[in-house]
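Participant: need a structure here:
(one chain, ligands or ions: 1)
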Amino acid sequence: MESSGTSGGAAARRHAAMLGIGTANPTGLLVPQDVFAENLFRVTNSDHLPELKEKLKRICEKSGIERRHFHLTEETLAAHPELFDRELPSLDTRVDMTADAVPKLAQCAAAKAIAEWGRPTADITHLVFSTYSACQAPTADLRLATLLGLRPTVSRTMLSLHGCYGGGRALSLAKELAENNRGARVLVACSEMTLVCFGAPDGGNIVGHALFGDGAGAVVVGAGPFLDGERRPIFEMVSATQTTIPRTEHALGMRVSGGGVDFHLAIQVPTLVGQNVEQCLLDAFRSAIVDDDDGGAAPPPSPCSGNGNGRWNDLFWAVHPGGRPILDNINKVLMLEPEKLAASRHVLREYGNMSGATIVFVLDELRRGRSPLPEWGALLAFGPGITIEAMVLRCPR
Ligand SMILES: CC(C)(COP(=O)(O)OP(=O)(O)OC[C@H]1O[C@@H](n2cnc3c(N)ncnc32)[C@H](O)[C@@H]1OP(=O)(O)O)[C@@H](O)C(=O)NCCC(=O)NCCSC(=O)CC(=O)O
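Facilitator: Here you go, the predicted model:
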């Protein structure tokens, strides 16, 4: 596998850290998963496809999801039949609707992250925005910067169509920006809305219907020295790697067409992720170097095989819950105790797969947990490529 790693250069570096985390969901619709198939087939006039409806019900039952939030309401769908009638062109409608809704949802999450961070919005120096819903320029990051009142000098980067690894990539980029620009404070925002891919169910998109939901996550990232009023770091971002699994380009993908964004999810995705994840983790831990001036912190656990010695269980885990079998496979390959993936399963259950934003929900859930976290942890996110983002995290004592 091709793997690129960043740990930040010479010794005595200051690792970037997450200084504020916020999440948001649209207020439009909260749909319980057990009525999702009935609702979807009714509102899209698809009840003439009973076998497909039964299949969607089976998939929903096995999804590990209990409810999902959506921006689209039944009223909006009634006014815009092009959003579910694939004979009608709908890209204009989708572009118009997402142009405002996607950055506004990001604004809700970002406002929470900035409030927790504790410094004025004007202190944000960089913005990294990730979404699979960006179809026009100026891009959604500029709209978000305007909504938040960021400085005109804020340095913006837009990540488009990275899918579920967009959150991991944005955090990794934020780490590099923070560690290499003294005083930088980077706002990461991921905002995902299914209205860009919503359509009447057909055989090709049935799993996506059962999985994806709407949500936004935001994180303020900075490296020391820390400023007056800043809260103490939530998670230190010690090292990060990105790995592409060779010859899997066709397994997972998105494509913009006249009818919006189509998702392709091959049935092999959970197996492919399971087969490759441990090597990515080993690479990420190998590139982790601890600061000399780190206050006497123990070094990260040395890379280890999951075959029996159980060291992976010494960590806390922030894993993108791409789907229940993905979590099951990771659990099995790394021989994790069941509670290690509890935060990921909780987010999957309560919100579904919100693509790139999901990892921020998992981080938020982890730090809110009742019991203290172990010192060291691992973040994993996956998406088209197949691309795996891995990051070594440290929970400051
Ligand atoms: C769909 C599932 C809930 C089904 O659960 P199980 O696999 O345990 O159950 P199962 O084997 O009985 O399958 C139930 C039915 O779903 C069908 N099925 C399963 N996976 C399918 C797929 N990828 N495409 C089409 N059909 C699929 C099976 O054939 C079966 O059909 P029948 O009942 O007719 O026999 C699960 O496989 C799942 O969550 N898969 C998605 C994982 C995934 O690819 N996630 C990545 C999301 S994208 C992401 O996170 C990154 C990104 O987008 O960037």
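
Participant: gap between whichever residue of the stretch 1-150 of the chain sits closest to the ligand and Leu49?
Facilitator: Nearest to the ligand, among the residues of the stretch 1-150 of the chain, is Lys62, at 3.6 Å (Cβ to the nearest ligand atom). (Glycine included, C-beta is placed from N, CA and C.) Distance from Lys62 to Leu49, counting by Cβ to Cβ, to the nearest Å: 20 Å.

Participant: what about the residue at minimal distance from the centre of the chain, which SS state?
Facilitator: Nearest residue to the geometric centre of the chain (Cα atoms, centre = their mean): Gly356, 2.9 Å. Using DSSP: H, G, I helix; E, B strand; the rest coil, the structure places Gly356 in helix.

Participant: Let the chain start at 58 from now.
Facilitator: Got it, the first residue is 58 from now on, which makes the last one we talked about Gly413.

Participant: was I right about it contacting Leu228?
Facilitator: No: between Gly413 and Leu228 there is no contact under Cβ atoms under 8 Å: 10.0 Å.

Participant: Tell me who's in contact with Asn333.
Facilitator: Residues in contact with Asn333 (Cβ atoms under 8 Å, 6 or more residues apart in numbering) are 58, 300, 302, 443, 445.

Participant: Now tabulate those in CSV and tack on neighbour count.
Facilitator: Output for those, formatted as CSV (neighbours: other Cβ atoms under 10 Å):
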residue, neighbour count
Met58, 11
Thr300, 24
Ile302, 22
Ile443, 24
Ile445, 28
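
Participant: Please identify the helix or strand for Leu339.
Facilitator: helix 326-343 (DSSP states H and E).

Participant: just checking, what packs against the lengthiest helix in the chain?
Facilitator: Ranked by residue count, the top helix of the chain under DSSP state H comes out as helix 148-174. With contacts taken as 3 or more Cβ pairs under 8 Å, 6 or more residues apart in numbering; DSSP states H and E, helix 148-174 sits against strand 73-81, strand 183-188, helix 197-205, strand 242-249, strand 272-280.

Participant: I'd say Met276 and Ile78 touch.
Facilitator: Not quite, residue 276 is Val, not Met. Yes: with contact defined as Cβ under 8 Å, Val276 counts as touching Ile78 (5.3 Å).

Participant: higher neighbour count, these two?
Facilitator: Counted by other Cβ atoms under 10 Å, Val276 and Ile78 do not tie: Val276 has more neighbours, with 32 against 25.

Participant: Sort out which residues of stretch 384-392 are buried, please.
Facilitator: Of all the residues in stretch 384-392, those buried under the rule 16 or more other Cβ atoms under 10 Å are 384, 386-388, 390-392.

Participant: ah, wrong one, I meant stretch 77-94
Facilitator: In stretch 77-94, counting by 16+ other Cβ under 10 Å, buried: 77-83, 85-86, 88, 90, 93-94.

Participant: what's the lowest-pLDDT member of those residues?
Facilitator: Minimum pLDDT across the buried residues of stretch 77-94 is recorded for Gly85, with 83.

Participant: Do I have it right that that residue meets Glu131?
Facilitator: No: counting by Cβ under 8 Å, Gly85 stays clear of Glu131, with 9.6 Å between them.

Participant: ok so, going back, among the contacts of Asn333, which two are most distant?
Facilitator: The span of the contacts of Asn333, defined through Cβ to Cβ, is set by Met58 and Ile443 at 10.2 Å.

Participant: Tell me the residues that contact both of the two, please.
Facilitator: Joint contacts of Met58 and Ile443 (Cβ under 8 Å, 6+ apart) are 301-302, 333.

Participant: would you turn those into JSON lines with pLDDT and distance to the ligand?
Facilitator: Below are those laid out as JSON lines (pLDDT from 0 to 100; distance: Cβ to the nearest ligand atom, whole Å):
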{"residue": "Thr301", "pLDDT": "96", "distance to the ligand": "13"}
{"residue": "Ile302", "pLDDT": "94", "distance to the ligand": "13"}
{"residue": "Asn333", "pLDDT": "95", "distance to the ligand": "14"}
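
Participant: Closest to Phe320 out of the residues you listed?
Facilitator: The closest of these, once distances to Phe320 are taken by Cβ to Cβ, is Ile302, at 18.3 Å.
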